[in-house]
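> quick one, fold the following:
(2 chains)
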Amino acid sequence: MDVGGTFTDAVLVADGEVRTAKVRTGARQEESVLAAAQAVGGSAVDRFTHGTTVATNALLERKGARTAFVTTAGFEHMLHLRRQNRAHLYRLCEDHPAPLVPLERCTGVRERLGPDGVIEPLDLESLPELDAEAIAVCLLFAFRDPSHERAVADELRRRHPGAHVVASHEVAPEFREYERASTTAADAYLGPTLGGYLGRLGESARAVGLPEPLVMRSSGGVATLEEAAAHASWALLSGPAGGVVGAARMAALAGFEDAIAFDMGGTSTDVCLIAGGAAERSFERSIAGLPIRLPSVDVHTVGAGGGSVAWVDSGGALRVGPESAGADPGPACYGAGGTRPTVTDANLLLGRLPARLPDGLELDRVAAERALGPIDPQDVVDIVNAEMLRALRVVSVERGRDPRAFALVAFGGAGPLHACALAEELGSTTVLVPEAAGVLSALGLAVGDERRDQVRSVVRPLAELDDLPEEGEADLRYRGQSFELTVPLGPDLAGRFHRLHEERYGYADLDRELELVAIRTAEVRPGPELQLPDVAAAAATGPALIELEGATCWLPPGWVGARDGSGWRLTKA
Amino acid sequence: MNIQLQVVGHALRAVAEEIGAALIRSAFSANIKERRDCSTALFDERGRMVAQAEHIPVHLGAMPDAVAAVMKHRPARDDVFVLNDPFAGGTHLPDITLVSRTELGFAVTRAHHADVGGIEPGSMPAGSRTLEEEGVVIPPTRLDERTLEALVGRMRNPDERLGDFRAQLAAHRLADERVSELAARHGSSRVRAAMDELIAYSERVVRAGIARLPDGRYEASDVLEAPDGELELRVAVTVEGSRLEVDFGGTAPQHDGNLNCPLAVTRSATFFVVRCLTDPDMPASAGAFAPVAVSAPQGSLINAKPGAAVAGGNVETSCRIVDVLFRAFGQAVDVPAQGQGTMNNLTLGNDRFTYYETLGGGQGACPDADGPSGVHVTMSNTLTTPVEALELAYPLRVRRHDLRLGSGGAGRHRGGDGVVREIEALEPCRASILSDRRDHAPAGSRGGEPGRAGRNFLNGNALPSKTTVDLESGDVLRLETPGGGGWGRR
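Take a look at the predicted model:
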């Protein structure tokens, strides 16, 4: 079950058959989930997996718990000071999104740890009285020694039995205090909301005889209901992670270990590199303007999609986005009152959309023409493609990967419309459009691995360390740098780092000392095998429109398409 | 506007950004990697700036001089030139600029290195009187292995310097590769046409923005706090249609300290204000500078003669140039109240280590919003070094880092608050403080109250705005940065 903003998608995999259903998402997500389960006919199943936007929405809409923050005395305003850079270089009063904890609930406790141990002992008496539903605790150097933080958290749990207390070493034990504090604050802030939702969902599932749901987390793996509820910030990318896992699985079925997931929706587009069959992961990202330092699929998002509005700026340049017509009123051709030209309107005028969408909506060509006026629809598509191309290059070329060897997996409502043109720009000759392009995220949930990530902060010279684990990854850097590269553990760790540094940044320095910043390990239990049903083979030659469930695919001249069990494989002739 | 050219232009801007990101992630100086005190740019064959990824505004208009200085030496296809001479294409000595050829012009990287020699560790001395005292002066020089070894040998911590040079050189190889790829894919003539179009486009956007300002002549003055007395900055701005003339006539002559700056820095500060007032989202290129004429008397504080000390000009005087310009434009249109107007530069070091940081403060309130608190205003936008990263690497301890509540000026919209930061030395070292707005508080606008002036202390005793002191182990420096001015009567 994948709950999105507009629709809840269900995919049922049973006996070599894949069934799908879509229901409108209601105000209470747990009800939408059950309605979708019923619609797809799922009752006696072995495994029930779930992608949720409850945590993400609570963050975007600022509807989390009333939260307090406790840190080392003297640093109370840590969440408000951020890293002191302003939000926009030339709009002087533009501000960052407000911190999740207002100043009056940012407090300090007397204690101090340093790089070499205790500088000032913990004084629990100095802990102030707090009035909050959730409390985040982040003390300096707790990534190295969590004893003070643990004692503070224990005391707070004793004093405030009803509050959701999270300590930074429990959620993100990594150095750099602001990023760790921001992650901890988000985890505490979202905990009661996500916990309450998952509790209700678990009960409802039990009532209708479904197994306890497994929840997709940002890392691209599912976890138990209890684990997911304990740390809400791990679920912030639950939805996009499902899509990437689904794309990786579809690529593998088509024989591609290396691919780029390209998910173009109405207002934004997510791209993610898949290498060796698995999504690339990152360990810090900004979500709703807040740094979140947690493992996640390395999705790169651009604010442009089918609903993005085209406009001409004061220098005469055609621009697309960031404004979007959204779902309401939507593109002009949807006939719901939209008057501004969108990418979808341009696609319609170029003959890349049918007169009637699969869900029955008649597209209004005249309204699209009126909205575009003198703007050439091909120009709109070229400009939005330039944005997309930039995103695709960021995850491939700019990370030292040659995209020519990668297949593009296109999904989302608009992905299959733009994919072939983008593949040509990248020099790639294969586009995969899954049959389930409209519900790929839900399919990814169905087959997702169970995964538990762990990180241990080290920050010591590599040469001084022995007994490293055999499996997992290491964050390494040249001593003196401040960004790390993540390298798989194993023989010749230093050599792997030098090679990756050369690949990413154009040089390696074999004589320079290496520093190991963190060790990352994960416990993984593989998800179920996916067997796809036999479908009628089909072929197409561009130019052609291929209609899919929930999406339309544009096959330009010079491209041919062939359909098999997993979907359409489009090839540059 | 031709869409294909626009698409290629998009790709050129992406190249400038990509090489900037690679430089930051692989550099060694805290100034580059943590604080992003660096910029990267592509220029065309005629030496006109095509695209720039600027992470801090002070580099905005100061790169064209570097390319012009290098072009005089007729660089060959494979040459890389290095320079930092403020009077031959540079800004202040720690900013080391590399210029290389690409298939269709030039690539430039500029990065603030942690040390370039001179009388004080960190090469940002508070009391320098000549350029030589501030570090190694590099005129435009062809860079090969031998020159490189010789250069870093004259700086502190040559091994780290070498690391930063390697990161910059790698960025140049990347730029060369990417420009050649674009030329191969789209054809050289189309890429050249796209460069022309980018430049023409920025010019159109800026001209449209200037045309919206009321015509007229607007004058203003403001002061800097120098150890040898106050220094006055004067400006007269003339708006005439889509043209702008900025004349700094009447500004104090260059002084015996280091608040002087070359005209390149004055131009950068001017372009910053023009960009804030016209189109904040416009991509930077040579065209954006075309409608703006900047002049300042030879030998004045902001157009100093070769050999003048300039360490503080880039960081402090540049802030005041912005303040005086906003004050002049404020007679024509609504502008933000004054922000903290200083970068609060603090350098700590001895023979074993060098650490440099700058501190945020209050932004002045805007006509429609409160000023943000604890941020860099105007010409900088560098990040703080995390306390945990700082203490793992240096013999220093941060005792306090908080907002300076109540320091922003009141008004219909409040000025942002400054910050309080206390640092304890854990071994003997020298500290240089280069700060301003300690005597003259940031002014409010349209009836808003001023912000609070900044303050510096050593073990609780007041220090002047610019000073160098010896610290013993256990000594504590405390900086309180200025709050921003308020906007409008309450």
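
> residues of the stretch 101-250 of chain A that sit close to chain B?
With the criterion set to C-beta under 8 Å from any C-beta of the partner chain, the stretch 101-250 of chain A comes near chain B through A:103, A:114-115, A:119, A:140-141, A:143, A:175-179. In this view, the C-beta of every residue, glycine as well, is placed from N, C-alpha and C.

> so how far is A:V152 from B:I423?
25 Å (C-beta to C-beta, to the nearest Å).

> what of A:I119?
Counting by C-beta to C-beta, the gap from A:I119 to A:V152 is 16 Å.

> with neighbour numbers in mind, choose between those two.
Each of A:I119 and A:V152 has its neighbours counted (other C-beta atoms under 10 Å in any protein chain shown); A:V152 has more, 24 against 15.

> list the contacts of that one.
A:V152 is in contact with A:70, A:109, A:111, A:122, A:124, A:127, A:137, A:139, A:167, counting by C-beta atoms under 8 Å, 6 or more residues apart in numbering or on different chains.

> next one: A:R340
Listed by C-beta under 8 Å, 6+ apart, the contact set of A:R340 reads A:309-311, A:325, A:332, A:371.

> what's the most distant pair in the residues you listed?
Pairwise distances across the contacts of A:R340 peak at 13.5 Å for A:W311 and A:A332 (criterion: C-beta to C-beta).

> higher neighbour count, these two?
Higher neighbour count among A:W311 and A:A332: A:A332, with 28 against 14, using other C-beta under 10 Å.

> okay, that one: pLDDT?
Here, the pLDDT recorded for A:A332 equals 96.

> what is the neighbour count of A:R356?
Number of residues near A:R356 (other C-beta under 10 Å) recorded here: 10.

> whoops, I mixed them up, A:Q38
By other C-beta under 10 Å, the residues close to A:Q38 number 14.

> A strand includes it, no?
No: under DSSP: H, G, I helix; E, B strand; the rest coil, A:Q38 sits outside any strand and is assigned helix.

> any idea how far it is from chain B?
A:Q38 is 47 Å from chain B, where distance means C-beta to the nearest C-beta, to the nearest Å.

> repeat for A:M78
In terms of C-beta to the nearest C-beta, A:M78 sits 8 Å off from chain B.

> what are the phi and psi values at that residue?
A:M78 adopts backbone torsions of phi -50, psi -50, taken as degrees, to the nearest 10.

> likewise B:I32?
Taking degrees, to the nearest 10, you get phi -90, psi -50 for the backbone angles of B:I32.

> helix/strand/coil for A:G306?
Under three-state DSSP, A:G306 falls in the coil class.

> just to check, it is in contact with A:D263?
No: with contact defined as C-beta atoms under 8 Å, A:G306 does not count as touching A:D263 (11.8 Å).

> show me which residues of the stretch 301-450 of chain A sit near chain B.
Taking C-beta under 8 Å from any C-beta as the contact definition, the stretch 301-450 of chain A meets chain B at A:313-318, A:376, A:378-379, A:382-383, A:386-387, A:390, A:393, A:398.

> for the residue in the stretch 451-573 of chain A that chain B sits nearest to, which non-adjacent residue is spatially closest?
As assessed by C-beta to the nearest C-beta, chain B sits closest to A:G506 within the stretch 451-573 of chain A, at 3.4 Å. Nearest non-adjacent residue to A:G506, counting by C-beta to C-beta, 6 or more residues apart in numbering or on different chains: B:A170, 3.4 Å away.

> likewise for B:L224?
B:L231 is the one closest to B:L224 (C-beta to C-beta, 6+ apart), at 4.6 Å.

> could the C-alpha coordinates of the helix or strand hosting that neighbour be exported in CSV?
Applying DSSP states H and E as the criterion places B:L231 in strand B:229-240. Taking Å, rounded to 0.1, in the frame of the first residue of the first chain, the C-alpha atoms of strand B:229-240 are listed here in CSV:
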residue,chain,number,x,y,z
GLY,B,229,40.3,57.2,13.3
GLU,B,230,37.1,57.1,11.4
LEU,B,231,37.2,56.7,7.6
GLU,B,232,34.4,58.2,5.6
LEU,B,233,32.8,56.6,2.5
ARG,B,234,30.9,58.8,0.2
VAL,B,235,28.8,57.9,-2.9
ALA,B,236,26.7,59.6,-5.5
VAL,B,237,24.4,57.3,-7.5
THR,B,238,22.9,58.5,-10.7
VAL,B,239,20.0,56.5,-12.2
GLU,B,240,19.2,57.5,-15.8
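
> what about the stretch 301-450 of chain A, any weak spots by pLDDT?
Applying pLDDT under 70 to the stretch 301-450 of chain A flags no residue at all.

> for whatever residue of it ends up closest to chain B, grab phi and psi.
Across the stretch 301-450 of chain A, the shortest distance to chain B (C-beta to the nearest C-beta) belongs to A:G315, at 3.9 Å. Phi and psi for A:G315, reported as degrees, to the nearest 10, are phi -100, psi 0.

> quick one, what contacts the residue lying closest to it once chain neighbours are set aside?
Nearest residue to A:G315 in three dimensions, chain neighbours excluded: B:V205, at 3.9 Å (C-beta to C-beta, 6+ apart). Contact analysis of B:V205 by C-beta under 8 Å, 6+ apart lists A:313-315, B:278-279, B:282, B:288.

> give me the neighbour count for whichever residue of the stretch 101-250 of chain B sits closest to chain A.
Closest residue of the stretch 101-250 of chain B to chain A, C-beta to the nearest C-beta: B:A170 (3.4 Å). Neighbours of B:A170 under the rule other C-beta under 10 Å: 23.

> A:V366 now?
As a burial measure, A:V366 scores 10 neighbours (other C-beta under 10 Å).

> one step back: what about the contacts of A:V152, which one has the most neighbours?
For the contacts of A:V152, neighbours were counted using other C-beta under 10 Å, and A:L139 has the most, 32 neighbours in all.

> thought A:R110 was touching it, still the case?
No: counting by C-beta under 8 Å, A:L139 stays clear of A:R110, with 10.8 Å between them.

> okay, and residue 206 sits in which element?
Unless you meant another one, I'm taking chain A. Per DSSP H and E: helix A:177-207 holds A:R206.

> oops, chain B please
Short version, using DSSP H and E: B:V206 is in helix B:188-211.

> just give me how far that helix sits from the chain centre.
24 Å (C-alpha atoms, centre = their mean, to the nearest Å).

> the next helix or strand after that helix pairs with which strands, parallel or anti?
Later in the chain than helix B:188-211, the nearest helix or strand by DSSP H and E is strand B:216-226. Pairing partners of strand B:216-226, with direction, according to DSSP bridges: strand B:229-240 (antiparallel).
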